[in-house]
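K.L.:
Kindly return the folded structure for what I paste below:
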Amino acid sequence: MAGLDCVEYWDGASESEQIVARAALEQWDAIYIDTTHQYEQTCKEIALYTALAQPQTIIMFHDASTHAQTLDLGGQGGVKRAFTEF
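P.N.:
As a prediction, the model looks like this:
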């Protein structure tokens, strides 16, 4: 697909040792975090992947809206709270 030759999809849990080790081998222009909707899980993923970011890296989040906060079953504010605190 034109323009997407640099996009990779990796199947696996984002916090697994294999995925994190693989990600650490690259330099990233962009990181897209599409996590569970749970606040604590999102915080873990932010910590893991911001450590791999370069100063120019763009970090994007899925489900960081006010509405999506309702998807956090623990009621802790979900992705939006984690993103805001980041």
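
K.L.:
Could you identify the longest helix within this protein?
P.N.:
What stands out as the longest helix in the chain, according to DSSP state H, is helix 39-50.

K.L.:
which parts of that helix are buried?
P.N.:
39, 41-46, 48-49 (16 or more other CB atoms under 10 Å). C-betas here are computed from N, CA, C, even on glycine.

K.L.:
And for it, what's in contact with it?
P.N.:
Here helix 39-50 makes contact (CB atoms under 8 Å, 6 or more residues apart in numbering) with 14-15, 20, 23, 31, 33, 35-36, 59, 61, 72, 74, 76-79, 81-83, 85-86.

K.L.:
Compute the distance from the centre of that helix to the centre of its chain.
P.N.:
7 Å (CA atoms, centre = their mean, to the nearest Å).

K.L.:
Does anything pack onto the very next helix or strand once past it? Which helices or strands?
P.N.:
Note on helix 39-50: by DSSP states H and E, the next helix or strand toward the C-terminus is strand 53-61. Under the contact definition 3 or more CB pairs under 8 Å, 6 or more residues apart in numbering; DSSP states H and E, strand 53-61 sits against strand 28-33, helix 39-50.

K.L.:
any chance of those in TSV, plus mean pLDDT and distance to Val7?
P.N.:
Formatted as TSV, these follow (pLDDT from 0 to 100; distance: least, CB to CB, whole Å):
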stretch	mean pLDDT	distance to Val7
strand 28-33	86	9
helix 39-50	90	16
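
K.L.:
Would you mind giving those as JSON lines with distance to His67 added?
P.N.:
JSON lines is the format used below for the helices and strands packed on strand 53-61 (distance: least, CB to CB, whole Å):
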{"stretch": "strand 28-33", "distance to His67": "18"}
{"stretch": "helix 39-50", "distance to His67": "15"}
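
K.L.:
which intervals of this protein have sub-threshold pLDDT?
P.N.:
1-5 (pLDDT under 70).
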